[in-house]
Structures are given as C-alpha cells and as structure tokens.
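**Student:** Sequence first, then the predicted structure, then my questions.
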Amino acid sequence: MFLFLKLVLAHLIADFILQFEELYQLKVRSYVGQVFHALIQGLFSLILLYPYLNSLQIWLFVAWLVLAHLMQDLTKYSATEKTPANTFVYFTTDQFCHILVISVIFLLPISHEVRGFPDFPLLDMFYRLNIWTVDVIFFITLTFAGSYILNAFTRSYLKERSPLYLITSPEVAHAILERSLIAWILFSSVSAPWMLFLLPCVGILRLPFKTLRDLMAFLLSLSYGIWITLVFQRIFYILL
C-alpha cells in the first residue's frame, strides 16, 4: 500500500494541480501537450519514490506508467472529440484505469518495502506514515480534482455551460476555499454535531463572487464536497 499511495499522489499532482489552463489547452490541441503531461507524471513519481531510485524495478515501472498514461489520455481525448456528450463517462473511466495501472505496483517484490530518509528524522516521519499521504490525496481530490470532475459532469449533462466552467484559475481558487471549509465543518461535526448547521452558511462565500460562482456551481461544489469528505472520513477511521 505504501508505494501505491505515493504513486496515486504523484498522479493527482500531475493530473490536477499541474493541469494549468495553458497545459490543458495544449493537450487538447497537440500530441506534444499529451507527451509533456505524461512526462510530468513520471517526474513526480520519481520524486516521491526517491528512496527507491537505486532499484531498476522502480525506473522500469515508472517508464511503463508514463507510456500507459500517455496511451490512456490519447484514447480518452480521441473518444471525447468523437462523442462530447460522454465526456463525464470517459473522464471517470480514464481516472479509474489510471489507478488500476498504478495498482500493478503490488505485483513487484519491492512493493513490500517501506523505505524513508533515515538521515532526516522529520522528513522520514512524514514520508513513512501513510496517513500524511492520504491527507494530501484527500485535499487534492476534494479541491483540484473535484473541479475537473465537476467540469466533466457539466460538459456532459449541463451543456449550456462554457467548456472551462469551474476550472478557470479564479474558480478553482474559490473552490479550494469553499470545499476545504465544507470538509472542516464535516470533520468538526464528529465531535460537535451542531457544526453541521454551518453547512448552509458556506453559501455566503458565493455572494461577493456572484459573477464568478452561480448557484449551480455552489450546489455542485457542496454536494461533491460532502460526498468526498464522508468517503475519506471512513478511510481515515480505518487507517487510525
């Protein structure tokens, strides 16, 4: 599970945090953008697996991940161009397949090893504890990934919205604050149930940005934030 979680985190960083608008548009227009994106994923996989870089298994596996990621993305974009109405289905299937490919790491003998940074105690502690990796995975899934998932949903089922609905930089920045607050309220309600009454108040954040965040964007964000937080609450409960 240790290496699997590190690779999932690398995937999320490359696919969502570093999926800035210029790269996204380059991916849509050109094969070069797809290659560049896949290489970024490979680079971050190597960075997060730094203690394992003396193993040929890891280098070969990451090289295979890059190639598989590229092929999957090309297939997804080709299918999306042909049938835009199925954008959400293609997007979610693509993400599932990425995770499935990453899970092949369990077949390698090295997947049972837990390495770290023994010369740097604080870094070693953060790196070795799965809970910290899951924390970051949760945050990215809640915020950056959520914006792209909801964008794919609206492109399939709310076709009157613009192609970049919810994924422009200002909208993503607002979503990070909005859904982080939603998650904090839900986690706090475990010890203080009255905190749940604050959930409707999150909508106040939308008021100064009505031209940026319409009611539909808020409702989508609220629903997604609640669902993802409840799922990860259960995961945290299992890990702890």
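**Tutor:** Sure thing, it's come through. Only a predicted model underlies this, so the values are computations on that prediction, with no experimental measurement involved. Numbers count the residues shown, from 1 in each chain.
**Student:** Break the chain into its domains for me.
**Tutor:** According to automatic domain parsing, the chain comprises the domains 1-118, 129-240.
**Student:** where does the chain dip in pLDDT?
**Tutor:** Across the chain, the ranges flagged by pLDDT under 70 are 20-30, 207, 209-211, 240.
**Student:** Tell me the spacing between Thr80 and Phe44.
**Tutor:** 24 Å (CB to CB, to the nearest Å). Yep, even glycine has a C-beta here, placed from its N, CA and C like the rest.
**Student:** My error: substitute Ile185 in the last question.
**Tutor:** 31 Å.
**Student:** repeat for Leu205
**Tutor:** On the measure of CB to CB, Leu205 and Phe44 end up 31 Å apart.
**Student:** Between those two, which has more neighbouring residues?
**Tutor:** Neighbours per residue, other CB atoms under 10 Å: of Leu205 and Phe44, the larger number sits with Phe44, 22 against 15.
**Student:** my guess is that one meets Asp15, correct?
**Tutor:** No: look at Phe44 against Asp15 with CB atoms under 8 Å: they stay out of range, at 10.0 Å.
**Student:** Helices along this protein, start to end?
**Tutor:** Secondary structure of the chain (DSSP state H): helices at 2-12, 21-29, 31-48, 56-82, 87-102, 121-128, 130-142, 144-157, 169-188, 215-239.
**Student:** Report back the residue of the protein that's furthest from centre.
**Tutor:** Largest separation from the mean C-alpha position in the chain: Asp119, at 30.6 Å (CA atoms, centre = their mean).
**Student:** show me what contacts it?
**Tutor:** Contacts for Asp119 (CB atoms under 8 Å, 6 or more residues apart in numbering) come out as none.
**Student:** do the same with the one 3 residues further on
**Tutor:** Leu122 sits next to no residue when contact means CB under 8 Å, 6+ apart.
**Student:** Check Leu74 too.
**Tutor:** The contact partners of Leu74, by CB under 8 Å, 6+ apart, come to Tyr31, Gln34.
**Student:** how near is the closest residue to Ala183 other than its chain neighbours to Ser45?
**Tutor:** Closest residue in space to Ala183, ignoring its immediate chain neighbours: Thr229 at 4.5 Å, by CB to CB, 6 or more residues apart in numbering. Counting by CB to CB, the gap from Thr229 to Ser45 is 27 Å.
**Student:** So which of these two has more stuff around it?
**Tutor:** Set Thr229 next to Ser45 and count neighbours by other CB under 10 Å: Ser45 wins out with 25 against 19.
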